[in-house]
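> got a predicted model here, sequence first, then my questions.
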Amino acid sequence: MRSFPLIAVACLLCWLAPLSAWAQQLQCNPCSHDFGQVQIGKSSSYSFKLTNTGNKTVDVLSKSKQGSAFSFGHFPLPVTIQPGASILLPVIFTPTAKGWTAGTLTIASNALNSPLYMHVAGTGVVGPELGVTPATLNFGNVTLGLSASLSATLTASNYAVTISSDQSTSSEFALRGLNLPVTIPAGQSVHVTVRFTPNASGTASGKAGFVSNAVNSPTVEQLTGTGVAPGSHQVDISWVPGDGNAVGYNVYRGTIQGGPYHRINTALDSSTNYTDSTVVSGATYYYVATEVNGQGQESVYSKQVRAIIPSP
């Protein structure tokens, strides 16, 4: 007989427990988010929806997080959520390193199910980069009143790169060959020609800058050359391109027919002509040229030409 009241009390507690739990509940929807790939140094935002599913107000008292790449947006505390109402919790992912990373967000409140956990993840990726080779163009000696041209290669890495503008810091160096804006697909290259026209004797220097959406914009190439006064004699050489795959040429000179020859251009020449202003009066020289392709492979010597320098 004494067991009946105990059973009644137990059943009453069974009914009261879910009613109390329903009174204050804070739910997230969803409770996890993957930001996907985000470029290192940039940010991506997402807002979690927090809803009071109970019939009493919920006071959000504090927030915390694990994971240095994640941060909270504007979310002042404390904040009260009415029954059935929702608020947005903004979260920002700002990767500082390459690769996948994860974090946990914790929201503390007076809800019966506090604390509330949300999980975040994201992948930091390297942004587009623009490389230039060679890093320095050295035009060597160029006679005043003449010009010399060299070619550089611009290569996009990781993602496509769009070059919006280019500029030289010196009027003696002019950029040619880029029809801007130009987009370079990832892993591919374009060529740009730089022409050096010295306006005074002595060493000249400058920089070529390429402005783009790359993370290393502006991409800079160093330029240098030396203007020399016209000598009493010079030899002008020109040639016809071969199979069309050349990115530049080398010029060789010897003093004996058939060689040996020594290269006289200090850097790869992108034009099909060359001026040798270092000749000596009364000497005889023999010249040959070679082609260099994009893989750095050099052709055999061209046909030899002879130049006899007059005596003063």
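Arrived safely, thanks for sending.
> give the buried residues for stretch 158-174.
Neighbour-count burial for stretch 158-174 flags Y159, V161, T162, I163, D166, S168, E172, F173 (criterion: 16 or more other C-beta atoms under 10 Å). (C-beta placed from N, C-alpha, C; glycine too.)
> would TSV of those residues with pLDDT and distance to I92 be doable?
Formatted as TSV, the buried residues of stretch 158-174 follow (pLDDT from 0 to 100; distance: C-beta to C-beta, whole Å):
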residue	pLDDT	distance to I92
Y159	90	22
V161	96	26
T162	97	27
I163	97	30
D166	95	35
S168	95	40
E172	96	48
F173	97	43
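> in TSV, list the residues you listed along with secondary structure and distance to V125.
Shown next, in TSV, are the buried residues of stretch 158-174 (DSSP: H, G, I helix; E, B strand; the rest coil; distance: C-beta to C-beta, whole Å):
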residue	secondary structure	distance to V125
Y159	coil	9
V161	strand	15
T162	strand	18
I163	strand	21
D166	strand	27
S168	strand	33
E172	coil	40
F173	strand	35
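> what's the farthest-apart pair in the residues you listed?
Farthest-apart pair in the buried residues of stretch 158-174 is Y159 and E172; separation 34.2 Å (C-beta to C-beta).
> residue ranges with poor pLDDT in this protein?
1-23, 231-232, 311-312 (pLDDT under 70).
> 80 - rerun?
For the chain, the stretches flagged by pLDDT under 80 are 1-24, 229-232, 243-244, 281-282, 311-312.
> just the strands from the stretch 101-250 of the chain, written as ranges.
Under the criterion DSSP state E, counting those that start in this stretch, the stretch 101-250 of the chain carries strands at the ranges 116-125, 129-133, 136-143, 148-157, 161-168, 173-176, 182-184, 189-196, 202-212, 219-228, 235-238, 246-254.
> dump the ones you listed into a markdown table; add distance to V91 as well.
Shown next, in a markdown table, are the strands of the stretch 101-250 of the chain (distance: least, C-beta to C-beta, whole Å):
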| stretch | distance to V91 |
| --- | --- |
| strand 116-125 | 6 |
| strand 129-133 | 29 |
| strand 136-143 | 46 |
| strand 148-157 | 30 |
| strand 161-168 | 30 |
| strand 173-176 | 45 |
| strand 182-184 | 33 |
| strand 189-196 | 39 |
| strand 202-212 | 31 |
| strand 219-228 | 34 |
| strand 235-238 | 65 |
| strand 246-254 | 49 |
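> secondary structure element for I87?
strand 86-93 (DSSP states H and E).
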